[in-house]
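1. sequence first, then the predicted structure, then my questions.
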Amino acid sequence: MVFLASPKIESKAAVEWPAPPSAVALAWRDLAEGIAKIWMWPALALQDVKLRYRGSVLGPFWMTISMMVMVAGMGVVYSQLFRMEIGTYLPFLAVGLIVWQFIAGMITEGCETFLREAAVIQQVRIPFSIHAYRSVFRNLVVLAHSLLIIPFGIVIFSIPVGWRLWEVVPALLVLSINGVWISILLGMVSARFRDVPPIMASLLQALFFLTPIIWPLSALKEWQIIATANPFFAAVDVLRAPLIGVPTADSSWAILLLTTSIGCLVSFALFARFRSRIAYWI
Amino acid sequence: MPSLRLRDVSVEFPIYSGSSRSLKKLLFNTTTQGNLARDARDRITVQALTGVNLDIEHGDRLAIIGANGAGKSTLLKVLAGIYAPTHGQVHANGRISALLTASVGFNPDATGRENIINRGMYMDVRPRDMRARIDEIAEFTELGYYIDMPVRTYSSGMMIRLCFAVATSMQPEILLMDEWLAAGDAGFLSKARRRMEEFVSVSSILVLASHSLPLLAEWCNRAILLEHGRIVGAGDIAEVAACYEARQG
């Protein structure tokens, strides 16, 4: 092989080469730089929602309305089935479905975190965490549209809410943090293993029936532990209970916070290990 | 001073066949062991770059010459920080703008205007600053009312116009370009060329990958020759170009 050596381009030993930062430091920096770009991901998420409903008259309210129709129909039948007051059952079902849609949305879209932004990841270098924040924020925007029916529900069913309504704030915060680790974790796993999104979709369907959303926890009688130990119940419960004016189950916050901590740790460890591979996978 | 340095950089691409993309197969096979496991995990890798050392300094106009598949685009992506090298170190100093392909992650459902804002955000320009430039960009593209249409309705030529106009509306210190501009029509090309000249004259470093020697000779002052992911020649553009032609010959 010919090598036309050129003094300008030849390696210069004199240039100082600092030790490269560790993978953990890089992952941490990625998360922090992503957060700092707070002018970016909410704007992108809002645009996503806008584009999704472009050309539709009702926009994101379309989902709210279709859900209300479903709730009205189911409410009549299932309140009889579970021998519950329709005035108690309807808010329980409606809010439960809204919260579930939010959680399930973060998980299914979490699988697409990096895959759907493949074109961007292949072209420009921006923190990977941006894509996760964007996905979570997009789901928060959709949730906000659905939650608009809550004030009407509170008035119609004269739900005894008071200061407890503020519990919604920490609940949303913790659920969003969960959304971030889930998006990063599932986003990476799905980028590497393309059969994960459909697996998650069917898992979620099973979880929907295993979690007290259309059926009340009390229907389990002495076996309530099999539902309260389910982190998905905890996640739904912390947001649903204050909105329908019932007490949050004793274990919910503890289970949710435990899930959050474990999830964040696992997700961060994998993010640090495989962050640099994401661009190769997609 | 902006600079780009590579030390002993290698890039290996894993090629995932249908089965190694499957989590089910991976789990199933690791529990049963045997030959199947080897099949599912048997990743074929492509060595795209091997032991690349490179120092690009302020004022360099570097041409990356090489045949198809020599590793030009991969090298650009490593320089842009998109691919972390599987081996070796990259040290980049300065604001980088990479024009790698014409689509640059445009959202096909968003309008030209919305995509201008998005692209700005990806390049760290805030929407409000970008809005100030949007009319100037729209004018340069000569897209007319198409600027308010979804990008999926654009022809590839229109896409290139938009991409070029947005990318050159900011002033990077380091400009990395892959050869794709040639796809524009003649009228736009001469306009683009003028803009490129201004653009290049203010950026500190230009790296241009192409196999069109006249184009490279016009823009660049030094060159490297890539073959099978290795730098086999480096030096003055004319020297390296001659070497490339001789080896092609």
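-> That came through, no problem.

2. how many other residues sit next to B:T141?
-> 20 (other CB atoms under 10 Å in any protein chain shown). Just so you know, the C-beta spots here come from the backbone N, C-alpha and C atoms, and that holds for glycine as well.

3. what do you get for the one 4 residues further on?
-> Other residues near B:Y145 come to 7 when the count uses other CB under 10 Å.

4. what's the answer for B:E136, then?
-> For B:E136, using other CB under 10 Å, the count is 10.

5. which residues does the helix or strand hosting it contact?
-> When elements are defined using DSSP states H and E, B:E136 is found to belong to helix B:127-141. Residues from elsewhere that reach helix B:127-141 (CB atoms under 8 Å, 6 or more residues apart in numbering or on different chains): A:39, A:43, B:112-113, B:116-117, B:120-121, B:147, B:158, B:161-162, B:165-166, B:169, B:191, B:195.

6. list the buried residues in the helix or strand following that helix.
-> As assigned by DSSP H and E, the chain's next helix or strand after helix B:127-141 is helix B:156-167. Buried residues in helix B:156-167, defined by neighbour count with 16 or more other CB atoms under 10 Å in any protein chain shown: B:M158, B:M159, B:I160, B:R161, B:L162, B:C163, B:F164, B:A165, B:V166, B:A167.

7. show me which of these is closest to A:S202.
-> Distances from A:S202 to the buried residues of helix B:156-167, taken as CB to CB, are shortest for B:M159 (37.7 Å).

8. the closest one and B:A165: what is the separation?
-> Going from B:M159 to B:A165 by CB to CB, to the nearest Å gives 11 Å.

9. find the centremost residue of chain B, please.
-> Among the residues of chain B, the one closest to the centroid is B:L100, at 2.8 Å (CA atoms, centre = their mean).

10. quick check: beta-bridge partners of the nearest residue to that residue once chain neighbours are set aside?
-> The spatially closest residue to B:L100, leaving aside those adjacent along the chain, is B:D178, at 4.9 Å (CB to CB, 6 or more residues apart in numbering or on different chains). B:D178 forms beta bridges with B:A209, as assigned by DSSP bridges.

11. quick check: B:D178 touching B:A80?
-> No. Look at B:D178 against B:A80 with CB atoms under 8 Å: they stay out of range, at 10.0 Å.

12. what touches both of those two?
-> By CB under 8 Å, 6+ apart, the residues touching both B:D178 and B:A80 are B:L100.

13. now A:S190: how far from B:E139?
-> 41 Å.

14. could I get the full set of helices for chain B?
-> Secondary structure of chain B, counting by DSSP state H: helices at B:23-32, B:34-41, B:72-79, B:112-122, B:127-141, B:156-167, B:186-202, B:213-219, B:237-248.

15. which among these is found nearest to B:S3?
-> Evaluated over these, closeness to B:S3 peaks at helix B:72-79, with 11.2 Å, by CB to CB.

16. what separates the closest one from the chain centre, distance-wise?
-> 6 Å (CA atoms, centre = their mean, to the nearest Å).

17. coming back round to it: correct me, but the residue nearest to the centre of chain B touches B:V78?
-> No. In terms of CB under 8 Å, B:L100 does not count as a neighbour of B:V78; the distance is 11.7 Å.

18. before we move on, back to that, more crowded one of B:D178 and B:A80?
-> Taking neighbours as other CB under 10 Å, B:D178 and B:A80 compare with B:A80 leading, 23 against 19.

19. least confident secondary structure element in chain B?
-> helix B:34-41 (a mean of 46; mean pLDDT, DSSP states H and E).

20. ok, A:K50 - contacts?
-> A:K50 touches nothing, counting by CB under 8 Å, 6+ apart.

21. so it is in which element?
-> helix A:41-52.

22. quick one: buried residues of that helix?
-> A:W41, A:P42, A:A43, A:L44, A:A45, A:Q47, A:D48, A:V49, A:L51.

23. ok, those vs chain B, which is closest?
-> Among those, A:L51 lies closest to chain B (CB to the nearest CB), at 4.8 Å.

24. for that closest one, which non-adjacent residue is spatially closest?
-> Counting by CB to CB, 6+ apart, the residue nearest A:L51 is B:D109, at 4.8 Å.

25. for burial, what's the neighbour tally of that neighbour?
-> 17.

26. do A:W223 as well
-> 9.

27. kindly report the same for A:A249.
-> A:A249: 19 neighbours (other CB under 10 Å).

28. check contacts around it.
-> By CB under 8 Å, 6+ apart, the neighbours of A:A249 are A:L217, A:T228, A:F233, A:A234, A:D237, A:A241.

29. most neighbours of all the residues you listed, which one?
-> Neighbour-wise, the contacts of A:A249 (other CB under 10 Å) top out at A:D237, 28 neighbours.

30. wait, doesn't that one sit right on A:S252?
-> Yes. Using CB under 8 Å, A:D237 makes contact with A:S252 at a distance of 4.3 Å.

31. just give me the neighbour total for A:I150.
-> 19.

32. quick one: it and chain B, what's the gap?
-> Distance, A:I150 to chain B, using CB to the nearest CB, to the nearest Å: 31 Å.

33. residues contacting that residue?
-> Counted by CB under 8 Å, 6+ apart, A:I150 has contacts A:V95, A:L243.

34. what are the buried residues along stretch A:166-177?
-> A:E167, A:V168, A:A171, A:L172, A:V174, A:L175, A:S176.

35. mind pulling up the pLDDT for the closest residue to the first one other than its chain neighbours?
-> Put plainly, it is A:E167. Spatial nearest neighbour of A:E167, excluding adjacent residues (CB to CB, 6+ apart): A:P242 at 4.1 Å. On pLDDT, A:P242 comes in at 91.

36. neighbours of A:P242, how many?
-> 23.

37. can you check the one 4 residues further on too?
-> Residues lying near A:V246 (other CB under 10 Å) number 18.
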